[in-house]
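> this one's structure only:
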Ligand SMILES: Nc1ncnc2c1ncn2[C@@H]1O[C@H](COP(=O)(O)OP(=O)(O)O)[C@@H](O)[C@H]1O
Ligand SMILES: Nc1ncnc2c1ncn2[C@@H]1O[C@H](COP(=O)(O)OP(=O)(O)O)[C@@H](O)[C@H]1O
Ligand SMILES: Nc1ncnc2c1ncn2[C@@H]1O[C@H](COP(=O)(O)OP(=O)(O)O)[C@@H](O)[C@H]1O
């Protein structure tokens, strides 16, 4: 099969490198998140993310990849099981004209599924059951993620067929995780003490280690989505960088105005919000538009994270505010800024490229569909797990902290007292 | 010379990127290990690893590379000194048909020698002399590592000639370091208080920073070993990912059954064990086999780390249990799972690909030879250093901690008390 | 425009990957630096670096890139504004015969400007105003950096025209930042308690996380400067690795002789010093020369950092000693070691390649020009900001710590006491 | 004057602080400590080896109070810190000879 | 003997230590603590939410001294630790029944 | 009742704890502290500059005990913590007026 394709070594080097970069984002996310929780549930955050990588990758190889990118089973709704177990996975994905080995593409996409599921750990900080979440994640990637990926990313998917543009996952990854996070937050309920207690980050340097890795990895995420090392990938990369920068600036400017302080966590959050917003857009818009989109992402992000206090849901580490809101911003702005000067392959042009409101409408449709699907299905899956094996620990465990009770470990031991004895 | 080779820019980009990734693994290992030691010997672990990079790289350039990959000096036992000092190092390695500059290959292989030596710092945690270990490492890379690399990795090496398959270092890196670690543990002797005292990790988040880097870098290690950006590299990459995942699952499942808890360190260790196990195999087996091999690596790893308590050697951070055991598992399973569907260049097929037991036998031979050679020679080199300049610090220094006594530094100063004055 | 260029996918993969690597260096630098400061100004260091990425990237896209690499505006002194706002930025850079998309080059160079400015945060540790520094950085990249980049990196620049060799930024990045740091240290003045108080690092593991990232990223910095994935990039990569290694060894050997201890911070600093020294040279010299240059960088670095105590300027984290001194060493040694065997494109050969003293003279001229320009202009820009919006916080804030006062955050909260309440 | 020293469960700090505020006591000094007593530490697992951490994190509060206040302070802490579970901690009282407020040099009960 | 306990601002440690050295007192034991009193904690911002950290980092010094020395020790600390700003801390004195130097087994004032 | 306060070398904690268990004493509260005294701190090197860290990490143990037990407790700590090297630390004893067990409200020696 492979022999019939033209495999370009440069494109392959880029996509393989990008797959590695995107995988690296999930440990990065684990660090980003774990720095933000209190010192009693640091490890729970880390191990939930690590185990999510494991569970989602295996489920992906087993059949979610096939559901997402296999030959369409009808109506652009779902793929069939032709690629299940990565069988035939050296055959091209229907509709994609790749110059890289299909397994490179399958790897790259695997890492996307992984990080999207991993984002949800942030919502459940401090109170989510380990086994319960892993079960949830396995179901979620099949029930929620794979269909959405098919609709938007697979050329045969129904939203892709309508001309919806999503370069690197504004819908599939960002809005998806944001809407799912909201449903999960409602299923889980609030943390003990929230919103009264501050629950401040226990180690912002750890969070910045994670933010640095995320920023770095996002070049693979976005520019790798060109699936080739070419001019488009270069535009996507520089747009990604610029949006991260303006997102950072947007967030801290608002923060400075509102509280008098520009914070470190704000800077990191703003960069992430900018990266989120540019994700759907980076392969369709020019550098100036990228700056505007990133800035909008940062500003909307900082405003959106406050919403949870008003609306009363405990989305602990702000997946809704950062990923959901940022993803909506970016997806809609594609409708304005997409231009065939950057990407001649697009069907419809953005409003500012003379395309009228058509593309805006399609993008808005995608937003609505994604939010509706992800929210509803996640709520169902969440309830299913909650009612069966359970998705939340007892209040006693929550107060004591997941690390020592569930995982029988403590994150830190800087002192001279704790040492125990083995086998006494 | 170079002009006579066809240098492919895509393959070169991949191998250079992979060299960078593999180098990154050693700081990653330093962090992985340093998080696991007590707060009084954190820096000793870090600086031993950093200095090992330096010493081994220089020795590699000076002559170990030539011993490993230079023209065979006879019998497939060792290379000659043609490439010493990286002279003529823009000439092709005999027997390798590379599409990348020989210096890219030399760089890539340099990073392998570095990390293999660096793994041994884990065995000597808390008690190893700085200068003694660096001397040991310099000798070890010449006496133990370079010959093994020649036998297995150089096409002219005697084990390679027999058809032994080792894609990315199951023998040369993993079993080698495991058997060497055992010898080193015996030479060094147990830590004060071992095995009674718990000696728990001082910072698991630091360990996870390292684990994330290792996982990321391993894509360069394994998929880079294809020495080209092609289908084989893609298969190696996805197999590497899947094995890391199933290794993680295998470890924490066993742990959960045995202790009632899935731990963060267990998840990270299991991922590493899975990565170790797939290292020799990733370019020869399909994705399903990769999952099985990784799972076996994880399960065997968690069982093997307990062995030191029963057998009484203090391999402090479990190089034997994770790298030695995992390397043996992967190397043997290549004998079963290697298939020409994945890699048409292999001489003998695995048992499940209709190759009978021939390959299993060759792989078993390689395991035995590697263990024997590495254990015996490391013991000799270790004793030599121990008896001359010394390889272990005094008990007094060990109790006080290597950081303040040997390196005149403290890892952390979070408080307001320690501040000293300069020049008083 | 683009269609007239030959874009090579392998070269593009390498340059895009390198751009990502170089970006990653700045969060790495942030961690490297923030580990070195006291626990009360950790976050100020992190957020200054993050925000510097943002500000410099935007300024770069807006017009600094055009000033540096746009069509020459006359005399090789500065580029015009043809590429401002990255307009026309898919047109080739005059004089550069690239096989990668111009936007890939623009991205790569953007990351250079970012990290050079970010280096200056190290000089102002513990006392620099956040807004003041960002304003300074924005001006500095236009006034100081862009012209220098034009002179040396743009083929039409006057120093480049004279045959000055600077492969990856010995002048533009290293000497530039070193001389600028000296000026900034003088503008800022000493920290309260300096040089009497020790001001020891609060977390060396954090510093090593950063050092590992810097080392890793430097492969993109140096080998990426070949702007292609070829033999030259391979030589640059292995030379970079070897110089880091010998730099490390040089530093700790001197340290061991002088204080009796080889330190972890010394090892990391030495690696950086070696990397700095090889930066201008890695594409012109062979592996043995790279080792010598790196070693010289390490030795000179450790000697140079002591100078501030004698001369009385508080360059807090030693940008002068490490980057300034190392950059001078490397730039001058290019004059000796540059050889057409490694790089046939060079105009003049080094002294040891039969080129006489001509190249040494040119390199020395570049050193003098760079120091003079960077020092003088930075002093002016620094004074301008100091006298207007202010560049230094009050002594009260400095004693209390920038983190809580300026950024309203604390780096760590490992304990059980600090928790506050929201909205009371 | 008396020095009241209390060892309490960390998550009870907020309640104790509020209870003390309610009786007009604000000044106190708090340290993070490790307790040992009837309450057992938890078991941890380190690569398959299990061990018991013998110490339990506690907070130690110190308040210098007027003789007349000490009983009320002890009672307030007692009530606020009680969960009824093992490990709730102790409160003890010791005599104080003298107290100085550094800022002003005030001495005795005025310095509280 | 007396036990002098002082709670001071962290950045004053060096001055206090020097003042004590000057009057011939070297032995002391120091803990990092959190203070609560008149001095307000600072406000922090966490993703837009503002909250007050109610506790202020302080150092707690403990010195067992001869009865005769205690007034001088208190005075030295008082002077060296004073900034005149709120939050300078307290010094209190309590009676000590006995003291042992572990190394030698010496007892009483000889063990100081 | 008495409050026994001991400052010891950190690595001696296990021995001290065992010695106390052996005489039937389990309850204690431990803090990580920094000691200053005859024992000199160590020298550190920071990019070529050398400086002395004046403080040595110690552990501070606090035990409220019955009057009758205090001598035995002091003796047990003394013996278990002694290395004979400078810096072994101190043990001192102060009077306690009252003690409460928070969990039960028990008072006096019963609360120990
Ligand atoms: N005799 C003692 N002296 C000092 N502190 C004590 C003493 N006994 C207990 N403590 C402290 O009180 C805490 C609670 O004591 P514990 O015996 O566990 O429970 P309880 O007080 O509920 O019986 C201990 O963790 C320790 O910090
Ligand atoms: N009654 C008290 N008992 C114990 N410690 C106290 C008491 N009052 C104050 N402190 C300690 O002294 C510190 C300073 O007290 P504060 O009331 O803020 O300022 P000032 O002493 O200048 O009036 C507090 O942070 C706390 O650590
Ligand atoms: N007068 C004192 N008051 C309180 N603590 C003291 C005093 N003297 C010493 N210490 C504590 O005891 C520790 C050991 O004292 P040091 O003088 O170094 O050794 P030694 O007790 O063996 O003579 C010190 O580090 C300090 O913590």
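Nice, I can see it. Because the structure is a prediction, the values reported are computed rather than measured. Ligands and ions are numbered 1, 2, ... in the order given.
> so who does residue A:412 touch?
Contacts for residue A:412 were tallied using C-beta atoms under 8 Å, 6 or more residues apart in numbering or on different chains; they are A:39, A:42, B:202, B:203, B:204, B:205, C:414. Using the backbone N, CA and C atoms, a C-beta is placed for each residue, glycine as well.
> State the distance from it to chain F.
Residue A:412 sits 13 Å away from chain F when distances are taken as C-beta to the nearest C-beta, to the nearest Å.
> How about residue D:31?
6 Å.
> pretty sure that residue is touching residue E:30, no?
No - Residue D:31 is beyond contact range of residue E:30, at 11.2 Å (criterion: C-beta atoms under 8 Å).
> Selecting buried members of the contacts of residue A:412 in ChimeraX, what would you type?
Restricted to the buried members of those, where burial is judged by 16 or more other C-beta atoms under 10 Å in any protein chain shown, the ChimeraX selection command reads as follows:
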select /A:39,42 /B:202,203,204,205
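> Okay, helices next: where are they in chain D?
Counting by DSSP state H, one finds helices in chain D at the ranges D:13-22, D:67-81.
> what helices or strands is the shortest one leaning on?
Okay, so that is helix D:13-22. For helix D:13-22, the elements it packs on are strand D:28-36, strand D:56-65, helix D:67-81, judged by 3 or more C-beta pairs under 8 Å, 6 or more residues apart in numbering or on different chains; DSSP states H and E.
> Tell me the residues of chain D that contact ligand 2?
Applying C-beta under 6 Å from any ligand atom, we find that chain D lies next to ligand 2 at D:27, D:28, D:29, D:62, D:63, D:64, D:101, D:103, D:112.
> ok, 5 Å please
When proximity is defined as C-beta under 5 Å from any ligand atom, chain D approaches ligand 2 at D:27, D:29, D:63, D:64, D:101, D:103, D:112.
> Can you tell me which of those residues lies closest to residue A:22?
Distances from these to residue A:22 were compared by C-beta to C-beta; the smallest belongs to residue D:29, at 49.7 Å.
> tell me the contacts of the closest one?
By C-beta under 8 Å, 6+ apart, the residues touching residue D:29 are D:61, D:62, D:63, E:7, E:33, E:34, E:35, E:36, E:58, E:60.
> my read: the first one touches residue D:3, true?
No - under the criterion of C-beta under 8 Å, residue D:61 lies out of contact with residue D:3, with a separation of 10.7 Å.
> show me where pLDDT drops low in the chain?
Since no chain was named, I'll use chain A. A:1-5, A:419, A:423-424 (pLDDT under 70).
> try again with chain D
Of all residues in chain D, none has pLDDT under 70.
> show me the contacts for the residue in chain D that ligand 3 sits nearest to.
In chain D, no residue comes nearer to ligand 3 than residue D:31, which is 15.0 Å away by C-beta to the nearest ligand atom. Counting by C-beta under 8 Å, 6+ apart, residue D:31 touches D:59, D:60, D:62, E:31, E:32, E:33, E:34, E:60, F:31.
> which of those are buried?
D:59, D:60, D:62, E:31, E:32, E:33, E:34, E:60, F:31.
> Beta-bridge partners for the fifth one, please?
Looking back up the chat, that one is residue E:32. residue E:59 (DSSP bridges).
> Assess the claim that it and residue C:39 are in contact.
No - the pair formed by residue E:32 and residue C:39 falls short of the contact definition of C-beta under 8 Å, at 11.2 Å.
> what about residue 7, how many neighbours?
Chain wasn't specified; assuming chain A. Residue A:7 has 19 neighbours, counted by other C-beta atoms under 10 Å in any protein chain shown.
> oops, chain D please
When neighbours are counted by other C-beta under 10 Å, residue D:7 registers 25.
> With adjacent residues omitted, what lies nearest to it?
With sequence-adjacent residues excluded and distances taken as C-beta to C-beta, 6 or more residues apart in numbering or on different chains, residue D:7 is closest to residue D:89, at 4.1 Å.
> And residue A:177, by the same measure?
With C-beta to C-beta, 6+ apart as the criterion, residue A:177 has its nearest non-adjacent residue at 4.1 Å, and that residue is residue A:119.
> Secondary structure of the one you found: a strand, I assume?
No - secondary structure assignment places residue A:119 outside any strand; it is helix (DSSP: H, G, I helix; E, B strand; the rest coil).
> if I pick residue A:259, what's in contact with it?
Residues touching residue A:259, when contacts are defined by C-beta under 8 Å, 6+ apart, comprise C:408, E:45, E:48, E:50.
> Show me the two of those that sit farthest apart.
Comparing every pair within the contacts of residue A:259 by C-beta to C-beta identifies C:408 and E:48 as the most remote, at 11.3 Å.
> quick one on the thing from earlier: I'd like to know how far the residue nearest to residue A:177 sits from residue A:30.
Noted for residue A:119: a distance of 11 Å to residue A:30, by C-beta to C-beta, to the nearest Å.
> Ok, residue A:281 next?
For residue A:281, the distance to residue A:30 - C-beta to C-beta - is 27 Å.
> Which one of the residues in the stretch 1-150 of chain A is closest to ligand 1?
For the stretch 1-150 of chain A, the residue closest to ligand 1 is residue A:40, as judged by C-beta to the nearest ligand atom, at 17.5 Å.
> Could you pull up the residues touching the residue in chain D sticking out farthest from the centre?
Relative to the average C-alpha location in chain D, and by C-alpha atoms, centre = their mean, no residue lies farther out than residue D:48, which sits at 36.5 Å. Listed by C-beta under 8 Å, 6+ apart, the contact set of residue D:48 reads B:255, B:258, B:259, B:302, B:305, B:306.
> before we move on, what about residue D:28?
Under the criterion of C-beta under 8 Å, 6+ apart, the contact partners of residue D:28 comprise D:17, D:20, D:61, D:62, D:63, E:35, E:36, E:37.
> Using a markdown table, lay out these together with distance to ligand 1.
Compiled in a markdown table, these are given as follows (distance: C-beta to the nearest ligand atom, whole Å):
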| residue | distance to ligand 1 |
| --- | --- |
| D:17 | 19 |
| D:20 | 19 |
| D:61 | 12 |
| D:62 | 13 |
| D:63 | 16 |
| E:35 | 21 |
| E:36 | 20 |
| E:37 | 24 |
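> circling back to that earlier point, between the residues of chain D next to ligand 2, which is closest to chain F?
Top of the list for closeness to chain F, among these and by C-beta to the nearest C-beta, is residue D:29 at 12.1 Å.
> Of the contacts of residue A:259, which is the nearest to chain B?
Ranked by distance to chain B (C-beta to the nearest C-beta), these are led by residue C:408 at 19.3 Å.
> Burial check on the one residue in chain A that gets nearest to chain F, number of neighbours?
Distances from chain A to chain F, computed as C-beta to the nearest C-beta, single out residue A:416 as the nearest residue at 3.5 Å. Residues lying near residue A:416 (other C-beta under 10 Å) number 19.
> now it, what's its secondary structure?
Using three-state DSSP as the criterion, the local structure at residue A:416 reads coil.
> got a list of what it touches?
Counting by C-beta under 8 Å, 6+ apart, residue A:416 has contacts F:10, F:11, F:13, F:32, F:57, F:59.
> Tell me how many other residues surround residue D:26.
Residue neighbour count, defined by other C-beta under 10 Å, stands at 12 for residue D:26.
> Grab the nearest non-local neighbour of it.
residue E:37 (5.9 Å).
> sorry, back to before: so if I had to pick from residue D:61 and residue D:3, which one is more boxed in?
Shown here are residue D:61 and residue D:3; by other C-beta under 10 Å, residue D:61 has more neighbours (26 against 23).
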